[in-house]
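Undergrad: build the 3D model from these lines:
(one chain, ligands or ions: 1)
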Amino acid sequence: MTDLEQLRLEIIEAAAVAPSLDVLEVLRVEALGRNGSITARMKELGALPAEQRKAAGQALNAVKTEVGGAIDARKAALEALVLESRLAEEGIDVTLPVRGPAQGFIHPISQTMDELMAIFGEMGFRVAEGPDIEDDFHNFTALNIPEEHPARQMHDTFYLPEDGEGTVKLLRTHTSPVQIRTMMATPPPHRIVAPGRPYRCDSDITHTPMFHQIEGLVIDKSTHMGHLKGCLEDFCRAYFEVDDLPLRFRPSYFPFTEPSCEVDIGCSRSGGKLSIGAGEDWLEILGAGMVHPNVLANCGLDADEWQGFAFGLGVERIAMLKYGIPDLRTFFESDLRWLRHYGFAALDQPSLVGGLAR
Ligand code: 2NL
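TA: Numbers count the residues shown, from 1 in each chain. Now for the predicted structure:
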């Protein structure tokens with residue numbers, strides 16, 4: 001057997017049993033690469049006498065073609081094997097249940113707002129909205145808040161730069177201007193809730209500069225404090241889902257109501273755990289009162305013909321109580337891990353018949 005024949009057989013046999021693409025590539029480089037055994041023989045052709053060169057060249061080229069073909073064939077076979085084993089390995093189990101599309105979560109503030117509107121909606125209230133940027137009249141003057149009242153001072157209110165006409169607008173400090181606008185724009189009777197964002201220049205562990213509030217207003221010819229009490233009792237029992245929840249009405253003061261009260265719900269703190277319902281302690285939940293005659297007059301209503309009650313409550317606070325959220329500031333940090341933990345399923349619409357929250 002000639003030397004070339006020996007080399008040809010060696011390479012072809014090695015290629016046929018090459019166990020992997022990597023080994024095959026090494027083999028190819030050793031035979032046909034720049035310093036390969038066949039390449040070396042090509043280079044030696046030049047040194048042969050002219051009469052031998054042609055035949056030797058033809059023989060070498062034939063071997064080169066054959067070896068290249070053998071390596072390519074093995075490569076194709078190995079690639080097919082790799083694909084086959086990947087398909088076997090990564091095969092999907094079509095009997096597994098589908099994973100369902102990824103869904104976002106409803107923020108506890110949106111959830112609580114939806115619950116509040118479901119409850120008040122059921123009680124016959126309409127939802128009213130108004131602008132976040134207000135003027136002094138709708139935010140303060142109409143609400144019987146005197147010029148020298150501390151709430152009007154710079155430290156509580158965000159004022160906007162004076163406009164061309166010398167008017168200073170502000171970010172509403174409560175949602176009451178919505179009720180003022182409703183009373184001025186439409187005739188009584190009124191039965192509305194105004195959910196929305198007020199703003200106050202205040203920031204610490206229990207205050208954020210923007211927060212959420214819902215206020216309610218009922219104006220009719222003979223609406224009285226008994227209606228206020230019954231309405232707020234029904235509301236608190238529905239929201240906290242405690243049928244015998246005790247309520248306590250404490251006298252208080254707001255410039256826009258007279259008389260005014262603060263409303264507490266019963267709770268117990270036995271064992272260091274807060275639970276809402278009959279117990280030895282009280283939690284302040286909302287403020288309320290009979291709409292002040294000056295407010296009615298400021299809105300063009302005859303206080304001898306129309307009267308009613310109003311209330312306001314902070315949404316973050318009652319969301320924290322119901323859902324056990326310990327820190328107010330986390331509501332507005334946009335931490336998705338927090339939202340996954342405290343958030344609500346996207347398609348569960350709160351309703352009194354279907355359940356407020358699941
Ligand atoms: C609280 C107290 C309250 C009102 C809001 C109101 C609105 C009009 C007229 C009279 Cl237009 N009153 N709103 C009344 C009493 C209390 O909120 O502590 N809120 C967080």
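
Undergrad: gap between Pro146 and His107?
TA: Shown here: Pro146 relative to His107, a distance of 37 Å by CB to CB, to the nearest Å. From N, CA and C alone the C-beta is placed, and that goes for glycine too.

Undergrad: those two: who's more crowded?
TA: More neighbours surround His107 than the other of Pro146 and His107, with 18 against 10 (other CB atoms under 10 Å).

Undergrad: residues contacting that one?
TA: Counting by CB atoms under 8 Å, 6 or more residues apart in numbering, His107 makes contact with 331, 339, 343.

Undergrad: what about the most far-flung residue of the chain relative to its centre, helix or strand, and which?
TA: Centroid-distance maximum for the chain: Glu51 at 85.5 Å, with CA atoms, centre = their mean. Using DSSP states H and E, the element containing Glu51 is helix 50-89.

Undergrad: partners of the following helix or strand past that helix, with directions?
TA: Proceeding N to C from helix 50-89, the next assigned helix or strand is strand 105-106, under DSSP H and E. Within its sheet, strand 105-106 is paired with strand 344-345 (antiparallel), according to DSSP bridges.

Undergrad: for the record, mean pLDDT for the partner strand?
TA: Mean per-residue pLDDT for strand 344-345: 90.

Undergrad: please apply the same query to stretch 161-175.
TA: pLDDT averaged over stretch 161-175 gives 92.

Undergrad: same check on stretch 32-42?
TA: 91.

Undergrad: distance from that stretch to the middle of the chain?
TA: Here stretch 32-42 is found 65 Å from its chain centre; the criterion is CA atoms, centre = their mean, to the nearest Å.

Undergrad: about what we covered before: give me the buried positions along the helix holding Glu51.
TA: 56, 60, 63-64, 67-68, 70-71, 74-75, 78 (16 or more other CB atoms under 10 Å).

Undergrad: reformat these as CSV; add distance to the ligand.
TA: Output for those, formatted as CSV (distance: CB to the nearest ligand atom, whole Å):
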residue, distance to the ligand
Ala56, 102
Leu60, 96
Val63, 94
Lys64, 91
Val67, 88
Gly68, 85
Ala70, 86
Ile71, 82
Arg74, 80
Lys75, 77
Leu78, 75
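
Undergrad: wait, Met136 sits on Leu160?
TA: Quick fix: residue 136 reads Asp, not Met. No: with contact defined as CB atoms under 8 Å, Asp136 does not count as touching Leu160 (11.4 Å).

Undergrad: between those two, who's got more neighbours?
TA: Asp136 (17 against 12).

Undergrad: roughly how far apart are that one and Asp156?
TA: Taking CB to CB, one finds Asp136 at 13 Å from Asp156.

Undergrad: over to Leu336?
TA: With CB to CB as the criterion, Leu336 and Asp156 are 33 Å apart.

Undergrad: of those two, which one has the most company?
TA: Comparing Leu336 with Asp156 by neighbour count (other CB under 10 Å), the higher total belongs to Asp156, at 14 against 10.

Undergrad: is it true that the more buried one lies in a helix?
TA: No: read with DSSP: H, G, I helix; E, B strand; the rest coil, Asp156 is coil and lies in no helix.

Undergrad: so for it, what's the pLDDT?
TA: In this model, Asp156 carries a pLDDT of 86.

Undergrad: does it touch Asp202 like I think?
TA: Yes: between Asp156 and Asp202 there is a contact under CB under 8 Å: 7.0 Å.

Undergrad: ok, the residue nearest to Ser37 when sequence neighbours are not counted - contacts?
TA: Nearest residue to Ser37 in three dimensions, chain neighbours excluded: Ala31, at 5.6 Å (CB to CB, 6 or more residues apart in numbering). Counting by CB under 8 Å, 6+ apart, Ala31 touches 11, 37-39, 67, 71.

Undergrad: between these, which is closest to Ser351?
TA: Ile71 (72.1 Å; CB to CB).

Undergrad: the closest one and Thr2, how far apart?
TA: Relative to Thr2, and taking CB to CB, Ile71 is found at 21 Å.

Undergrad: do a quick rundown of the strands in the stretch 251-358 of the chain.
TA: 257-268, 275-276, 281-291, 307-314, 344-345 (DSSP state E, counting those that start in this stretch).

Undergrad: off-centre distance for the last one?
TA: To tie it back to what came earlier, the one meant is strand 344-345. Between the centre of strand 344-345 and the centre of its chain there are 10 Å (CA atoms, centre = their mean).
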